[in-house]
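Chemist: sequence plus the predicted model coming up.
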Amino acid sequence: MARARRPDSLRLMTVAFFTGSRRRAAVALGAVSAGLLVLSACDKPTPIATVTVGSDSIHAEAACYNDGDAIKESQIQQCLNKKAEKSITVAMDDKIRFGVDPDIADNGWTIFLGGQQAEPEPYKKTYRTIPASAFFSSQTGEATDNTQVTIVENTGKKLTGIWHFKLKKES
């Protein structure tokens, strides 16, 4: 089979810009540059926190996270007040299981309710279970139909990550 030849004018233009080995090197360099550009555009994902009720689970990335460093003091209250994007329905007799990535557990994590710390000491394991009934009374003792639960990663007094979930009481 005869190979189609390029017109001499095109062949001369191509040769004028790059020789064969230079053309291959330029293509390789372009491919590497494009690959690095794509990789640099990717952000490292934040650790995940999970809430499980029965066989239903919801997962969330952090609402506020600074690659494991402390969140700025000026941002903490704003981060704690963000609304949860993920919700799960629970019955009063359900057990709610909270799970966090090992990175979060290494530092310690606490549960906040309505933006307020609900327990005095950070928890250092990746998994814990709490009865649903513990989440459905307000601070004034009134029953509520939903509540925002926030998992806060902390290293001592520094907050390093904040994850929000909404618990809806089954009607």
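Modeler: Arrived safely, thanks for sending. Residues are numbered from 1 along each chain as shown.
Chemist: partners of the nearest residue to residue 95 once chain neighbours are set aside in the sheet?
Modeler: The shortest distance from residue 95 to any non-neighbouring residue, by Cβ to Cβ, 6 or more residues apart in numbering, is to residue 129 (5.0 Å). Bear in mind the C-beta positions are built from the backbone N, C-alpha and C, glycine included. According to DSSP bridges, the partner residues bridging residue 129 are residue 97.
Chemist: gap between the two ends of stretch 60-67?
Modeler: 16 Å (Cα to Cα, to the nearest Å).
Chemist: what residue lies at the spatial centre of the chain?
Modeler: Nearest to the mean C-alpha position of the chain, by Cα atoms, centre = their mean, lies residue 61 at 2.2 Å.
Chemist: that residue: what's it in contact with?
Modeler: 45, 46, 47, 48, 163 (Cβ atoms under 8 Å, 6 or more residues apart in numbering).
Chemist: elements contacting the lengthiest strand in the chain?
Modeler: As assigned by DSSP state E, the longest strand anywhere in the chain is strand 158-169. Packed against strand 158-169, as judged by 3 or more Cβ pairs under 8 Å, 6 or more residues apart in numbering; DSSP states H and E, are the following elements: strand 48-53, strand 56-61, strand 64-65, helix 73-80, strand 87-90, strand 146-155.
Chemist: my guess is residue 52 contacts residue 96. True?
Modeler: Yes: here residue 52 reaches residue 96: they are 7.4 Å apart, a contact under Cβ atoms under 8 Å.
Chemist: neighbour-wise, which of those two wins?
Modeler: Neighbour totals were compared for residue 52 and residue 96, and residue 96 leads with 21 against 18 (other Cβ atoms under 10 Å).
Chemist: among the helices and strands packed on strand 158-169, which is nearest residue 105?
Modeler: Relative to residue 105, the nearest member of the helices and strands packed on strand 158-169 by Cβ to Cβ is strand 146-155, separated by 8.8 Å.
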